[in-house]
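In: sequence and computational prediction follow.
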Amino acid sequence: MKYVKIASFLALLAMSSTSGAIIIRDDVDDDKYRVPASTLPALADFHQEGHGVLIAPQWVVTAAHVACMHPNQDVVINGLPRRVAAIIVHPGYKTPPEELVQEVLASGEGARLRAFLASSDDIALVRLTAPVTDVPPVPLYSGDDELGKTVQLIGKGATGSGDKGIAAQSPHRTLLRRAYNVISSVDDRWISYTFDAPASALPLEGMSGNGDSGSPVLILRDTRWELAGLVAWVSSDRDIRTFHGARYGDGGNNVRISHYRSWIERTISDEDKKRAPPARGKLSDGLGAGKTSSLAQR
């Protein structure tokens, strides 16, 4: 019942705040943004919409609202379904109260909603039943110097252009696209960027949109791309009731992996220890190995 309520709420706000697909410059051909699946085989597809990223052989990280909206039995990685064993949502994740939802829908003003979203820990881990052996995991970004860094955005969701946004009724699962932007704002939970108009934009500047929340925000460190963020929500001063995807001037807000790295690593370590087979004890002086209690799967 909890997941049903969350799904209903997020579906209601899909037009306004949840995000993830690639919105492109209106003066650059879409073909320049399209990339093959081999660009990031560790990208995890949730059912119909939403992404995550494989960060360990048996673990995917995603936005909490994606995990709660789509408590799937499997996710697709490198073209193959991978069975989900458990979903672990950050204890600080929260969804807006009904009163706030109704206020936003009545007025179209999103300031209070944006403040609420900014106060939530929108991150979750997905444990797979079996390790993924055909795809290398993406390493977590090891720095906290994201400000001013160029980031790579990858997603398959609905697309559109910065001058018009997303076309009405655009599907939330399309072709894989890649764009770039520059981190212009950082706080504890979030790294953010602005979708600049062509005059001041990167050659392949882009912005997340509707349909691919949980998709990766990558920073190049030395010679490898590391996971620095997860697409979460869009900031816009426009009326939420008529919002149809990001446009020039809007902001993209992404879960800041460096802030949650210790939670990610601790959670994975704790969960893996729970499910590790007991060490085989040596028989000595008539005493056998100690018993290990079984743990129920989450």
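Out: Yes, it's here. Numbers count the residues shown, from 1 in each chain.
In: could you use CA atoms for every contact and neighbour count after this?
Out: Will do.
In: where does the stretch 151-298 of the chain dip in pLDDT?
Out: Scanning the stretch 151-298 of the chain with the threshold set as pLDDT under 70 gives 157, 167-173, 244, 279-298.
In: where do the helices sit along it?
Out: 257-274 (DSSP state H, counting those that start in this stretch).
In: quick one, strands of it?
Out: Taking DSSP state E, counting those that start in this stretch as the test, the strands found in the stretch 151-298 of the chain are 160-161, 165-166, 177-186, 190-194, 206-208, 216-221, 224-235, 251-256.
In: measure the residue positioned nearest the centre of the chain to residue 120 for me?
Out: In the chain, the residue lying closest to the centroid (CA atoms, centre = their mean) is residue 214, at 1.4 Å. According to CA to CA, to the nearest Å, residue 214 and residue 120 sit 15 Å apart.
In: just to revisit the earlier point, any chance of the strands of the stretch 151-298 of the chain in a markdown table, with mean neighbour count and distance to residue 88 too?
Out: Formatted as a markdown table, the strands of the stretch 151-298 of the chain follow (neighbours: other CA atoms under 10 Å; distance: least, CA to CA, whole Å):
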| stretch | mean neighbour count | distance to residue 88 |
| --- | --- | --- |
| strand 160-161 | 24 | 33 |
| strand 165-166 | 22 | 32 |
| strand 177-186 | 21 | 25 |
| strand 190-194 | 24 | 20 |
| strand 206-208 | 35 | 25 |
| strand 216-221 | 22 | 19 |
| strand 224-235 | 25 | 16 |
| strand 251-256 | 28 | 16 |
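In: which SS class is residue 86?
Out: strand (DSSP: H, G, I helix; E, B strand; the rest coil).
In: can you tell me the element the closest residue to it other than its chain neighbours falls in?
Out: Closest residue in space to residue 86, ignoring its immediate chain neighbours: residue 127 at 5.1 Å, by CA to CA, 6 or more residues apart in numbering. If you go by DSSP states H and E, residue 127 is part of strand 124-128.
In: so what does that strand touch, helix or strand wise?
Out: strand 59-62, helix 64-69, strand 80-89 (3 or more CA pairs under 8 Å, 6 or more residues apart in numbering; DSSP states H and E).
In: returning to that earlier point: residues contacting the residue nearest to the centre of the chain?
Out: 20, 50, 51, 52, 53, 61, 62, 63, 66, 230, 231, 232 (CA atoms under 8 Å, 6 or more residues apart in numbering).
In: residues near the second one, how many?
Out: Burial measure for residue 50: 31 neighbouring residues, criterion other CA atoms under 10 Å.
In: roughly how far does the closest residue to it other than its chain neighbours sit from residue 175?
Out: Nearest residue to residue 50 in three dimensions, chain neighbours excluded: residue 212, at 4.2 Å (CA to CA, 6+ apart). The gap separating residue 212 from residue 175 is 12 Å, by CA to CA.
In: those two: which is more packed in?
Out: residue 212 (33 against 17).
In: wait, doesn't that one sit right on residue 47?
Out: No. In this structure, residue 212 is not within contact of residue 47 by CA atoms under 8 Å, at 10.8 Å.
In: picking that back up, and the gap between the residue nearest to the centre of the chain and residue 30?
Out: 22 Å.
In: okay, the helices and strands packed on strand 124-128 in a markdown table with distance to residue 202, mean pLDDT and mean neighbour count next?
Out: Below are the helices and strands packed on strand 124-128 laid out as a markdown table (distance: least, CA to CA, whole Å; pLDDT from 0 to 100; neighbours: other CA atoms under 10 Å):
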| stretch | distance to residue 202 | mean pLDDT | mean neighbour count |
| --- | --- | --- | --- |
| strand 59-62 | 27 | 98 | 26 |
| helix 64-69 | 29 | 91 | 25 |
| strand 80-89 | 34 | 96 | 17 |
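In: and these: which comes nearest residue 245?
Out: helix 64-69 (17.8 Å; CA to CA).
In: how far is that closest one from where the chain is centred?
Out: 9 Å (CA atoms, centre = their mean, to the nearest Å).
In: quick one: the strand holding residue 127 to strand 80-89, angle?
Out: 140 degrees (axes from the mean of the first three to the mean of the last three CA atoms, to 10 degrees).
In: give the buried residues for strand 124-128.
Out: 124, 125, 126, 127, 128 (16 or more other CA atoms under 10 Å).
In: any residues touching that strand, and which ones?
Out: 58-64, 67, 82-90, 264.
In: good, wrapping up.
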